[in-house]
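Q: have a look; sequence and predicted model below, questions after that.
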Amino acid sequence: MEAKAAVINEPRAKFDLENIKLDTELGPNDILVKIVATGLCHTDLIMRDEFFPFPKPAVFGHEGSGVVVKTGNAVTKVAEGDHVVMAPASCGECENCVKGHPSYCLNFMELNFGGHPTDGTCPYHNHEGKEMGAGFFGQSSFANFSLVKENNVVKVDKDIPLELLGPLGCGIQTGSGTVLNFLKAGPGDSILVVGVGAVGLSAIMAAKLAGCTTIIAADIHDNRLELAKELGATHTVNSKNQSLTEFVRSEINPDGVMYGFDTTGRNNVISDAMGAVRTMGHMAIVIVAADKLELDANVIQGGKSISFVNEGDSTPDDYIPRLIRLYKAGLFPFDKLVKYYEFDEFNQAVEDSEKGTTIKAIIKMPH
Ligand SMILES: [Zn+2]
Ligand SMILES: [Zn+2]
């Protein structure tokens, strides 16, 4: 079938809005989804810039939401017409999947970043008939139709705007899940969240939900800090000119905070934030931007731990409906992070996200 997609033909180039061809002969566990909208995430942009190799031309996108059009004959989880959010692909069979940690699926790399199905077929071709890299995070949602597997669709309620829900599949579960599922912050705890884009703001909302009583937001943009306050931060600090270690230890608590959460991936920032984490405290990071993670030795002493967390360590089939219930109850207002764009404004959405004027861009797909 014909589909429309935002395609990366060359590394670091703009997205080209093109017609592509999808092979919709479905295997037993395949699902064809009509994409209603997709979030734009940092990982799409670093992959555009060749963070690691991915076959081009490429269809990225991994925060899709849509409606099931057709299912393979072994699919039981969803049926035609169901509303779904797509989460990263996982095998469902390896040791980590079986233990309920699909974000750490032992086959995560090939299933999400391999560029082609593992059976050697290529169901995506461009308008010239050239094979395309797709199946990005098991979904390639920068197209108006997507081929996904039963394992990475999550059925969602129909009484909530479907176009809002895609980012629950990555950025929002990453931020909130790291606080709730992984760090397991609780009532009366203290946390420092560094970098309050979509992931960091989701962490702030989660910390509030968990009953944390000291929630410090750090960023270099004052407008983001304002929003952090609105969503639950008890303190804010513009880290452009101020050390986080110093701010926390002199103005909040000389012992430091129980938890840290870094979304910047920068060595000097992580090191500074680690200095604000107290003895036996725990720091979670979700990205390392440099080739090496380097920390000052004095900030990692005293039984502190540091962990790299994928996708909030969540089990999407359980966690995404949970976030939707919280949203409906007014306890998790993630719609405040969102700005919508039409498909022909795709590159504008990218530009605004890179400038930081838009926190979470959602692009509506044409039909
Ligand atoms: Zn697995
Ligand atoms: Zn993402």
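A: That came through, no problem. Ligands and ions are numbered 1, 2, ... in the order given.

Q: who touches the nearest residue to N298 once chain neighbours are set aside in this structure?
A: By the measure of Cβ to Cβ, 6 or more residues apart in numbering, the closest residue to N298 outside its immediate chain neighbours is G275, 7.6 Å from it. Quick note: C-beta positions are derived from backbone N, CA and C, even for glycine. Counting by Cβ atoms under 8 Å, 6 or more residues apart in numbering, G275 makes contact with S243, L244, T245, R249, G256, D296, N298, V299.

Q: after the helix or strand hosting G275, next one along is what?
A: In this structure, G275 sits in helix 267-276 according to DSSP states H and E. Later in the chain than helix 267-276, the nearest helix or strand by DSSP H and E is strand 277-285.

Q: so which elements touch that next one?
A: strand 257-262, helix 267-276, strand 305-308 (3 or more Cβ pairs under 8 Å, 6 or more residues apart in numbering; DSSP states H and E).

Q: tell me the contacts of the closest residue to ligand 2 within the stretch 151-300 of the chain?
A: Ranking the residues of the stretch 151-300 of the chain by distance to ligand 2 (Cβ to the ion) places C170 first, at 3.3 Å. Contacts here follow Cβ under 8 Å, 6+ apart; on that basis C170 touches G39, C41, T43, H62, E63, A87, P88, F137, E311.

Q: which SS class is the fourth one?
A: When classified by DSSP: H, G, I helix; E, B strand; the rest coil, H62 comes out as coil.

Q: might one say that it is in contact with S141?
A: Yes - A contact is recorded between H62 and S141 when judged using Cβ atoms under 8 Å, the distance being 6.1 Å.

Q: so which of those two has more stuff around it?
A: In this comparison of H62 against S141, neighbours counted by other Cβ atoms under 10 Å, the higher total goes to S141 at 35 against 29.

Q: give me the pLDDT for the more buried one.
A: What the model reports for S141 is a pLDDT of 98.

Q: so which of the contacts of G275 also contact ligand 1?
A: Restricting these to those within reach of ligand 1 (Cβ under 5 Å from the ion) leaves nothing.

Q: now those residues as a markdown table including secondary structure?
A: Conversion of the contacts of G275 to a markdown table gives the following (three-state DSSP):
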| residue | secondary structure |
| --- | --- |
| S243 | coil |
| L244 | helix |
| T245 | helix |
| R249 | helix |
| G256 | coil |
| D296 | coil |
| N298 | helix |
| V299 | helix |
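
Q: of those residues, closest to ligand 1?
A: Distances from these to ligand 1 were compared by Cβ to the ion; the smallest belongs to V299, at 34.0 Å.

Q: so the closest one sits against T279, correct?
A: No - using Cβ under 8 Å, V299 makes no contact with T279, being 11.3 Å away.

Q: give me the neighbour count for E131.
A: Other residues within reach of E131 by the criterion other Cβ under 10 Å amount to 15.

Q: and it, what are its bridge partners?
A: E131 forms beta bridges with H125, as assigned by DSSP bridges.

Q: so who does it touch?
A: Contacts here follow Cβ under 8 Å, 6+ apart; on that basis E131 touches P55, H116, C122, Y124, H125.

Q: against ligand 2, how distant is the nearest residue to the second one once chain neighbours are set aside?
A: The reference is to H116. Distance criterion Cβ to Cβ, 6+ apart; nearest residue to H116, sequence neighbours excluded, is C122 at 5.4 Å. The span separating C122 from ligand 2 equals 24 Å under the rule Cβ to the ion, to the nearest Å.

Q: what helix or strand is C122 on?
A: Using DSSP H and E, C122 is not contained in any helix or strand.

Q: now do the helices in this protein.
A: 42-48, 95-98, 108-113, 171-177, 198-210, 222-231, 244-247, 267-276, 316-328, 346-355 (DSSP state H).

Q: ok, back up a step: V299 and T279: which is more packed in?
A: A direct count of neighbours by other Cβ under 10 Å for V299 and T279 places V299 higher, at 19 against 10.

Q: in contact with that one, which residues?
A: T245, S271, D272, M274, G275, V277.

Q: same deal with I300?
A: Counting by Cβ under 8 Å, 6+ apart, I300 touches M274, I306.

Q: got it, and A276?
A: Listed by Cβ under 8 Å, 6+ apart, the contact partners of A276 are L192, L244, T245, F247, V248, R249, G256, V257, G260.

Q: does the third one really touch V269, like I thought?
A: Read it as T245. No - checked against Cβ under 8 Å, the pair T245 and V269 is beyond contact range at 11.0 Å.

Q: give the burial count for G356, as a bare number.
A: Applying other Cβ under 10 Å, we find 13 other residues in the vicinity of G356.

Q: quick one: the residue lying closest to M132 once chain neighbours are set aside from D219, how far?
A: When the adjacent residues along the chain are set aside, M132 lies closest to Y124, with 4.0 Å between them (Cβ to Cβ, 6+ apart). Y124 sits at a distance of 38 Å from D219 (criterion: Cβ to Cβ, to the nearest Å).

Q: which ones are touching S271?
A: S271 sits next to E294, L295, D296, V299 when contact means Cβ under 8 Å, 6+ apart.

Q: R224 too?
A: V196, G197, L201, A217, G356, I359.

Q: just the buried residues of those residues.
A: Buried subset of these (neighbour count, 16 or more other Cβ atoms under 10 Å): V196, G197, L201, A217, I359.

Q: dump the residues you listed to TSV, plus pLDDT and distance to ligand 2.
A: Rendered in TSV, the data for these read as follows (pLDDT from 0 to 100; distance: Cβ to the ion, whole Å):
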residue	pLDDT	distance to ligand 2
V196	97	16
G197	96	11
L201	98	14
A217	98	21
I359	96	14
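
Q: mind checking which of those residues are in strands?
A: Among the buried ones among the contacts of R224, the residues falling in strands (DSSP state E) are A217.
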